[in-house]
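Student: Got a predicted structure plus its sequence, pasted below:
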Amino acid sequence: MKKTKTADEAFAQEILHQLKFGLARDSMNASKREWWIATSKAVQNKVIERMMKTLAVHNEANVKRVYYLSMEFLMGRLFVNNMICAGVLKEVTEALESLGHTLDEVRNEEYDMALGNGGLGRLAACFLDSLATLDLPAVGYGIHYEYGLFKQEFRNGHQVELPDAWIQFGSPWEIIRPQYMTEIPLYGHIEAVATSDGRTRSEWVDCKKMIGVPYDIPIPGFGTETVNFLRLWESRASEEFDFEAFNRGGYEQAVHEKNVAETVSKVLYPNDSTEAGKELRLVQQYFFVACSLKDIIRRYKTSNESWDNFHEKVAIQLNDTHPAIAIAELQRTLNDDHGLSWEEAWGIVTKTFAYTNHTLLPEALEKWSVGLFRKVLPRHLEIIFEINKRFLEEVQAKWPGDMGRVRALSLIEEGQVQMVRMAHLSVVGSHSVNGVAALHTKLLKKELFPDFDAMYPGKFNNKTNGITPRRWLLACNPRLSDLIASRIGHGWERDLDKLRKLEPYAEDAEFREEFMAVKLANKKRLAGYIADECGIEVDPAAMFDVQIKRLHEYKRQHLNLLHILALYRRLLQNPDLDIASRVFIFAAKAAPGYDMAKLIIKAINSVGAKINVDERIKGKLKVAFMPNYRVSLAQRIVPAADLSEQISTAGKEASGTGNMKLALNGALTIGTLDGANVEIHEEVGDENIFIFGNTVEQVRELTAAGYNPADYYNANPELAAVIDWLASDYFTGDEGHDILTPLRDNLLYHDPFLCLADFESYCATQDKVSVAFRDKPRWSKMAIHNTARVGKFSSDRTIAEYAKEIWKLPSVKVK
């Protein structure tokens, strides 16, 4: 009788098959990267099998789908995550071991998918995971960037940006779909054309054409058969090669159109400080939106003849304002290409779109000059003017004679240069506008868009952000996942509220010891990585004080730095000072054109370089700024964190999701009452979090009264000392004190995000953190309560709310 192969034996055979027939290599000479590709292909086959079933069920039932449009999808690495969702992690691990390899050595060959920058893109990735896990029919749409944001290195403490060629050698996870490539128009001009009924209509003529080629990345759900997909568009020229020019010897001219077209999907967020950069960014946004809408309409028309129920089969979510041009593009397509009247088309548009706002900073709301729009998208500018005209008629009907409101609500900002307000277009063209945390939504309605809220009562709603526990606990912290399962079993992976069952174990000394042993093991692993990457030896027994997020002044990494300087100064004055030892861990990228953010990175690195070798403080402080922050690095840091720094100026952070990831993994938060910190505070309880600083109302009062940072400098000798010390040449040596002087001056004379106003409260609260950390039973109880009480912040809960309240999207089980 023939012996049946076990699952791990079958996987081992499939890996060898992929190695031989997919890569033309054998097990004796294959590199680690080739082992990773072969294993990935073996896992991908399992995923694709489920994907085919999902597509068949969805197409046969003519289901409603949600289409998630986002300029960013920060996917990270898919190797382990896909195994977890496919339910084959154990089998693949054993298969690799039978072939002489460990999972860890193979997984480290994978490049992060560099399709995003920060929280916006990571949120989109978490949402795709939850959509599939909840059996919700969905497609993500974005751009197939050749290069990510950038690869970050530090040279003499300064950030240096290098190309991040993540796709240079291809990806085993993506499937090219040339049969769905689509052509889109750009540039050209408008001509008035007479119609048969004696009217005139606008016709967009003499356009340049560009082709979008789609690549699909399957997205498997956890504990279900559903596999959705992310479709990414790569730009190509409609005519790639000019033979006539080539034959004349004009080789560069022969490939000119190809080079120009491919620039569009070349890099995430081109520098838009120049007119050429602005133009490229607008073209990028229109390119992926226009390709996506054509694809959506093609899919809809396959099973539906009439336009009447378009919104019953199609829901489109705009992830911030980057895809907002989709509103004008769908109106143009329905009106111009499909012959619907303006009113019919607008009725469909406003029932189809919903908009998520991600910022309270007015300067971060996208605007494009009317001149640029007229050059790149002349027909869309006409449509936006018409939308605005009709909308302002409604405004004047509601508030006759109120020109202040008309100016505030207009889609066109009047000034020396007329600007198109993309956030205004998003609000007017959508049936729902949501914020991403309770406080954020409140401020959205009260401060950013009060007139829109008055114009459209009920349109604004809250959907507090969330994170997927599959990546941010199961994949990144298997030790803690196993410990949790040993006490409360499984099921929490799909229903994170079940972690509440852990609460009684906070009083169990044995469980507390095991919980902190897991934390220590994760810290030892990270300490080894810090030694390898940064050349810094750190003590795993010290408090790992972590601030990992995009570098921006409002996130206040420089407030953290001021506290580090204060502790350093105290220790120099009293080396025997009895405080908890700390390792301050930073990871962040600053936008290439953001000089102050880059200076803060330099300051942290310069201070750290001095502290890390100063024997006088007996190793009680260490500073490690880890280069090239990315998802895979976050997955190393998050499980090892003791303290989570969420210290943005109150009223500036929309939500934050790093705060959720760190709390879920047992880190305690020190934070202001900003963004989702407010809700984390409500969930974990006042006794399990460290809150400090001015509230939103106090920030508003300070600003209104004419905030003067010098008042705090003059009133606090320690603050004055560390600010002056920062600008001395003590930390910069031969480079001179002038290097960091602009940071000192910014704090002392401007301080737009109130670091000095919150310094005293922050330091006093950090002293409480130090006391709590040294009380091991208390700290471990607090850490367990954080893990147990943050079930609300699962992206499954967030997506279920979107589906029920915004998209009206039923789940579809794939059997």
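Tutor: Nice, I can see it. Values in this document were obtained by computation on a predicted structure and should not be read as measured data.
Student: Outside of stretch 797-811 itself, list whatever touches it.
Tutor: Counting contacts by Cβ atoms under 8 Å, 6 or more residues apart in numbering, the residues outside stretch 797-811 that touch it are 63-66, 127, 130-131, 134-137, 315, 317, 354, 432, 434, 461, 463-466, 496, 791. Every C-beta, even on glycine, is put in place using the N, C-alpha and C of the backbone.
Student: Out of those, which sit inside helices?
Tutor: Within those, residues falling in helices by DSSP state H are 127, 130, 131.
Student: show me what contacts the second one?
Tutor: So the one you mean is residue 130. Contacts of residue 130 (Cβ under 8 Å, 6+ apart): 466, 468, 794, 795, 796, 798, 799.
Student: So what's the residue count around the fourth one?
Tutor: Applying other Cβ atoms under 10 Å, we find 29 other residues in the vicinity of residue 795.
Student: quick check, distance from the biggest strand by length in the chain to the centre of its chain.
Tutor: Looking across the chain with DSSP state E, the single longest strand is strand 208-220. When distances are taken as Cα atoms, centre = their mean, to the nearest Å, strand 208-220 is centred 20 Å away from the chain's centroid.
Student: can you map out the helices along the stretch 51-200 of the chain?
Tutor: Assigned helices in the stretch 51-200 of the chain, in chain order: 79-86, 89-98, 103-107, 119-133 (criterion: DSSP state H, counting those that start in this stretch).
Student: wait, residue 636 sits on residue 529?
Tutor: Yes. Under the criterion of Cβ atoms under 8 Å, residue 636 makes contact with residue 529 at 5.9 Å.
Student: Look up how far residue 434 lies from residue 461.
Tutor: Per Cβ to Cβ, to the nearest Å, residue 461 is found 5 Å from residue 434.
Student: The two: which is more packed in?
Tutor: For residue 461 versus residue 434, the count of surrounding residues by other Cβ under 10 Å is larger for residue 434: 23 against 17.
Student: For the more buried one, give its distance to residue 463.
Tutor: From residue 434 across to residue 463, the span is 5 Å (Cβ to Cβ).
Student: intersection of neighbour lists for those two?
Tutor: Joint contacts of residue 434 and residue 463 (Cβ under 8 Å, 6+ apart) are 356, 802, 806.
Student: So for the last one, what's the pLDDT?
Tutor: This means residue 806. We have a pLDDT of 98 for residue 806.
Student: Can you give me the neighbour number for it?
Tutor: There are 21 residues near residue 806, going by other Cβ under 10 Å.
Student: Please apply the same query to the first one.
Tutor: Neighbour count of residue 356, defined by other Cβ under 10 Å: 27.
Student: Please report phi then psi for it.
Tutor: With angles defined as degrees, to the nearest 10, residue 356 sits at phi -100, psi 120.
Student: For the remainder of this discussion, apply numbering that starts at 22.
Tutor: Fine by me, first position is 22 from now on; the one you just mentioned is residue 377.
Student: Let me see the contact set for it.
Tutor: Contact analysis of residue 377 by Cβ under 8 Å, 6+ apart lists 338, 339, 340, 341, 454, 455, 457, 484.
Student: let's see it at 7 Å
Tutor: 338, 339, 340, 341, 455, 457 (Cβ atoms under 7 Å, 6 or more residues apart in numbering).
Student: Mind listing the residues bridging to the third one?
Tutor: Applying DSSP bridges to residue 340 yields these beta-bridge partners: residue 377.
Student: again with the fifth one
Tutor: According to DSSP bridges, the residues that bridge with residue 455 are residue 377, residue 482.
Student: where exactly do the strands run in the stretch 122-271 of the chain?
Tutor: 159-164, 172-176, 179-183, 196-197, 203-207, 210-215, 221-226, 229-241, 248-258 (DSSP state E, counting those that start in this stretch).
Student: What is the fifth one packed up against?
Tutor: Spelled out, it's strand 203-207. Identification of packing neighbours for strand 203-207 by 3 or more Cβ pairs under 7 Å, 6 or more residues apart in numbering; DSSP states H and E yields strand 229-241, helix 296-324.
Student: what's the angle between the shortest one and strand 159-164?
Tutor: Put plainly, it is strand 229-241. 140 degrees (axes from the mean of the first three to the mean of the last three Cα atoms, to 10 degrees).
Student: ok, now which ones touch residue 810?
Tutor: 521, 704, 705.
Student: I should have written residue 318 there, sorry.
Tutor: residue 354.
Student: Not counting its neighbours along the chain, what's nearest residue 815?
Tutor: Closest residue to residue 815 apart from its sequence neighbours, by Cβ to Cβ, 6 or more residues apart in numbering: residue 517 at 3.9 Å.
Student: Let me see the ranges of the helices in the stretch 372-521 of the chain.
Tutor: Taking DSSP H, counting those that start in this stretch, the helices of the stretch 372-521 of the chain run over residues 391-397, 399-419, 424-430, 443-450, 459-464, 471-476, 490, 499-509.
Student: Tell me which of the ones you listed is the most buried.
Tutor: Ranked by average neighbour count under the criterion mean count of other Cβ atoms under 10 Å, these are headed by helix 490 at a mean of 29.
Student: can you list the residues that contact that helix?
Tutor: Against helix 490 from outside (Cβ under 7 Å, 6+ apart): 514, 517, 685, 815.
Student: Give me the neighbour count for residue 322.
Tutor: What residue 322 shows, counting by other Cβ under 10 Å, is a neighbour count of 12.
Student: scratch that, residue 673 is what I was asking about
Tutor: 24.
Student: Now do the same contact list for the residue lying closest to residue 773 once chain neighbours are set aside.
Tutor: Using Cβ to Cβ, 6+ apart and skipping the chain neighbours, the partner closest in space to residue 773 is residue 574 (6.7 Å). Neighbouring residues of residue 574 by Cβ under 7 Å, 6+ apart: 617, 618, 773, 774.
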